[in-house]
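# Fold the following for me, if possible:
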Amino acid sequence: MQADDIILAFTDAGHDLPADAMRAAVADWDAVAPELLRTLEAYADGSHRSAEAENALFFIIHLMGQVGETRAFKPLCRLCMDAEAPENILGDGVTESLKRILISTWDGDAEALKAVIENPDGDEYVRFGALEAMGYLTALGEIDREAMKGYINHLLNTMEPRDGNFAWVGLGWVPAQLGFANMEWVVEDLVKRRLVDESEVNQNLFRMFVDLSRSTSDGLAAFHYDGVRPMGDAVEHLAAWHAFSEEAKRAAARPAVERASTLPNVGTHTNPDRHVGRNDPCPCGSGKKFKKCCLH
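Have a look, this model is predicted:
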């Protein structure tokens, strides 16, 4: 398949996982990568943004993680600086895939990753994932451990906003995932300043992560516990997603009125033509966004 044919298959995929096109892209990566990279670059720099590009980039970015395409790292980090772009392209992949893709495409530019983490206007889950990715790279020896300790201290003093943003949870988790037992004080500091909820960051969780980190010779067990690892086979990874299941296809094929009757009553602004997204009001009626409530 040519690059244009592959991109078209990705654009039109809908609830069908374009496994053949994905495998064709990997098999002929050297030939198709330039066009896939141009698609990413054009979206990242804002010169070409559309729903079609977002549909294609969902698969393109996953494949770039699979093959370890380091040329994608900088434009991907630029894309992550946009408050809406990661969600528009990746959807649930912000939490399920992004950290893996950042690890796999890492080109050695710590400053690009730090910019994502420190961006006060960025998606909080993107920032959290970037911090976990940086922790994993530290565990691999790509980033100096003492330098990482210093960076965590820097973030504690400077990171914004200070309103319970989920990125702060990473500052409680990553030191523990790295086995930095002497940084347990960070947990108390985060809770005391009400930057995290104690259900998300607490001493018991910190000690569990430290113990996990020290349970294997590679020090990666605590990261693996939270699904932090390099991106594997993208087809295999995405095949397990509900969005590509037969149930999702059947639901999408039902008339909108019928689908609406099966949804929870969350008010007149509910759109029956789509599933509840991470930024939608939670169906439980709490008034919070889904990602801040029952999704988590």
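# What distance do you get for A234 to D211?
Remark: distance between A234 and D211 (CB to CB, to the nearest Å) = 32 Å. C-beta here means a position set from N, CA and C on the backbone, and glycine is covered the same way.
# Looking at the two, which is more packed in?
A234 (26 against 14; other CB atoms under 10 Å).
# from memory that one sits against L63, does it?
Yes. A234 lies in contact with L63 (CB atoms under 8 Å); the separation is 5.3 Å.
# joint contacts of those two?
When CB atoms under 8 Å, 6 or more residues apart in numbering defines a contact, the residues bordering A234 and L63 alike are M22.
# so where's the stretch 151-296 of the chain shaky on pLDDT?
255-296 (pLDDT under 70).
# so where do the helices sit in it?
167-177, 185-192, 203-213, 221-225, 234-239, 246-253, 256-261 (DSSP state H, counting those that start in this stretch).
# and those, which is most packed in?
Mean neighbour count (mean count of other CB atoms under 10 Å) peaks for helix 167-177 among those, with a mean of 26.
# show me what contacts Y225?
So Y225 contacts 209, 212 (CB under 8 Å, 6+ apart).
# meant to ask about L63
Counting by CB under 8 Å, 6+ apart, L63 makes contact with 22, 25-26, 36, 69, 234.
# likewise P230?
P230 is in contact with 65, 68, 100, 103-104, counting by CB under 8 Å, 6+ apart.
# which among these gets closest to G227?
R100 (7.7 Å; CB to CB).
# Now M231: closest residue in space, sequence neighbours ignored.
Once flanking residues are discounted, M231 sits nearest to G65: 3.1 Å by CB to CB, 6 or more residues apart in numbering.
# Actually, E41.
Nearest to E41 is P75, by CB to CB, 6+ apart, at 5.1 Å.
# What of R194?
G164 (7.0 Å).
# residues near D218, how many?
Neighbour tally, D218, other CB under 10 Å: 10.
# so who does it touch?
D218 touches A139, counting by CB under 8 Å, 6+ apart.
# Tell me how far it lies from R229.
Using CB to CB, D218 is found at 11 Å from R229.
# hang on, isn't G93 packed against F59?
No. Using CB under 8 Å, G93 is not in contact with F59; the gap is 10.2 Å.
# Would you tell me what the next helix or strand after whichever strand or helix holds I103 is?
Element membership of I103, judged by DSSP states H and E, is helix 98-105. Once the chain leaves helix 98-105, the next helix or strand it forms, by DSSP H and E, is helix 110-118.
# between that following helix and helix 167-177, how many degrees?
Following axes from the mean of the first three to the mean of the last three CA atoms, to 10 degrees, one obtains 130 degrees for the angle between helix 110-118 and helix 167-177.
# Can you tell me which helices and strands helix 110-118 packs against?
Where contact means 3 or more CB pairs under 8 Å, 6 or more residues apart in numbering; DSSP states H and E, helix 110-118 is packed against helix 73-80, helix 124-139, helix 145-158.
# Which of these sits closest to A239?
Between these, helix 124-139 lies closest to A239; by CB to CB that is 21.6 Å.
# Export that closest one to PDB, keeping only CA atoms.
Only the C-alpha atoms of helix 124-139 are listed here, as PDB (Å, rounded to 0.1, in the frame of the first residue of the first chain):
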ATOM      1  CA  GLU A 124      -3.500  17.600  33.000                       C
ATOM      2  CA  TYR A 125      -3.400  13.900  32.000                       C
ATOM      3  CA  VAL A 126      -1.000  14.600  29.200                       C
ATOM      4  CA  ARG A 127       1.300  16.300  31.700                       C
ATOM      5  CA  PHE A 128       1.000  13.400  34.200                       C
ATOM      6  CA  GLY A 129       1.800  10.900  31.400                       C
ATOM      7  CA  ALA A 130       4.800  12.900  30.300                       C
ATOM      8  CA  LEU A 131       6.100  12.900  33.900                       C
ATOM      9  CA  GLU A 132       5.700   9.200  34.200                       C
ATOM     10  CA  ALA A 133       7.400   8.700  30.800                       C
ATOM     11  CA  MET A 134      10.300  10.800  32.100                       C
ATOM     12  CA  GLY A 135      10.400   8.700  35.200                       C
ATOM     13  CA  TYR A 136      10.600   5.500  33.100                       C
ATOM     14  CA  LEU A 137      13.400   6.900  31.000                       C
ATOM     15  CA  THR A 138      15.200   7.700  34.300                       C
ATOM     16  CA  ALA A 139      14.800   4.100  35.400                       C
END
